[in-house]
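Participant: starting from these lines, generate the structure:
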Amino acid sequence: MRFLDEITLQDDFVRLEPLGHQHAEDLARAAATIRNAWYTSIPAPEDVPAEIDRRLGMRDTGTMNPFAVRRISTGEVVGTTTYCNIDQPNRRVEIGYTWLGTAAHGTEVNPAMKRLMLAHAFDTCDAIAVSLMTHFHNRQSRAAIERLGARLDGILRNHRIMPDGSLRDTAAYSILPHEWPAVRNGLDARLV
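Facilitator: Residues are numbered from 1 along each chain as shown. Predicted structure coming up:
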């Protein structure tokens with residue numbers, strides 16, 4: 001399989017569905033719950049349809065495979081995530097452009113979602129590396145990535161220009177195939 005193949009991934013906690021406009025209402029509701037996230041790009045509720053269009057456009061160019069994140073216990077779509085920066089010939093992919101509404105923060109949603117995506121990347125797509133990147137100042141995201149067992153590769157200084165014109169330093173992490181069994185065991189233990 002390829003990272004770009006349209007798939008649905010599901011366990012007892014979440015279902016990752018191919019992103020579409022049918023998810024816009026739930027995503028707008030989830031986006032409205034997020035405050036003071038200057039270090040990341042989360043659409044305003046009214047901008048969700050345009051963000052869906054942007055992600056679908058990136059899918060069509062082969063650089064992103066976007067998902068809506070549905071929480072099984074409530075049936076609601078609580079956020080989005082993607083396979084991005086897809087480098088299929090080198091079997092490398094990034095998990096990113098992830099955001100979750102505040103009701104899903106600190107719950108089973110993020111570890112379950114990462115468990116599904118990492119398993120698909122390593123076990124089905126034979127990835128040689130999975131990257132996760134975040135703003136240097138996004139302490140919550142960095143802590144979540146580190147809890148996964150991902151290793152810090154370094155800080156990419158002045159890596160991106162943010163919508164407000166500020167420069168973003170990016171904390172770059174990765175997981176390699178020989179690390180995946182320990183990462184998987186850690187995620188499984190969190191989801192018991």
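Participant: how about the helices in the chain?
Facilitator: 24-31, 48-60, 109-119, 139-148, 180-190 (DSSP state H).
Participant: between the ones you listed, which gets the lowest average pLDDT?
Facilitator: Among the helices of the chain, helix 139-148 has the lowest mean pLDDT, at a mean of 91.
Participant: still on that earlier bit, okay, the helices of the chain, which one's buried deepest?
Facilitator: helix 109-119 (a mean of 23; mean count of other C-beta atoms under 10 Å). For every residue, glycine as well, the C-beta is placed using N, CA and C.
Participant: in the protein, what residue sits furthest out from the centroid?
Facilitator: G165 (23.6 Å; C-alpha atoms, centre = their mean).
Participant: which neighbouring elements make contact with the least confident helix or strand in the chain by mean pLDDT?
Facilitator: Across the helices and strands of the chain, mean pLDDT, DSSP states H and E gives its lowest value to helix 139-148, namely a mean of 91. On a contact count with 3 or more C-beta pairs under 8 Å, 6 or more residues apart in numbering; DSSP states H and E, helix 139-148 meets helix 109-119, strand 129-135, strand 167-175, helix 180-190.
Participant: which strands and helices sit next to the third one?
Facilitator: I take that to be strand 167-175. Counting by 3+ C-beta pairs under 8 Å, 6+ apart, strand 167-175 packs on strand 129-135, helix 139-148, strand 151-161.
Participant: pull the contacting residues for the residue lying closest to E46 once chain neighbours are set aside.
Facilitator: Residue nearest to E46 in three dimensions, not counting chain neighbours: A28, with 7.3 Å by C-beta to C-beta, 6 or more residues apart in numbering. Neighbouring residues of A28 by C-beta atoms under 8 Å, 6 or more residues apart in numbering: P45, E46, V48.
Participant: how about L16?
Facilitator: Neighbours of L16 in contact, by C-beta under 8 Å, 6+ apart: T8, L9, Q10, F67, A68, V69, R70, T81, M113, L116, M117.
Participant: can you rerun that using 6 Å?
Facilitator: L9, F67, L116 (C-beta atoms under 6 Å, 6 or more residues apart in numbering).
Participant: per-residue confidence at the residue farthest from the centre of the chain?
Facilitator: 88.
Participant: distance of it relative to L27?
Facilitator: Distance, G165 to L27, using C-beta to C-beta, to the nearest Å: 26 Å.
Participant: ditto for T124
Facilitator: Taking C-beta to C-beta, one finds T124 at 26 Å from L27.
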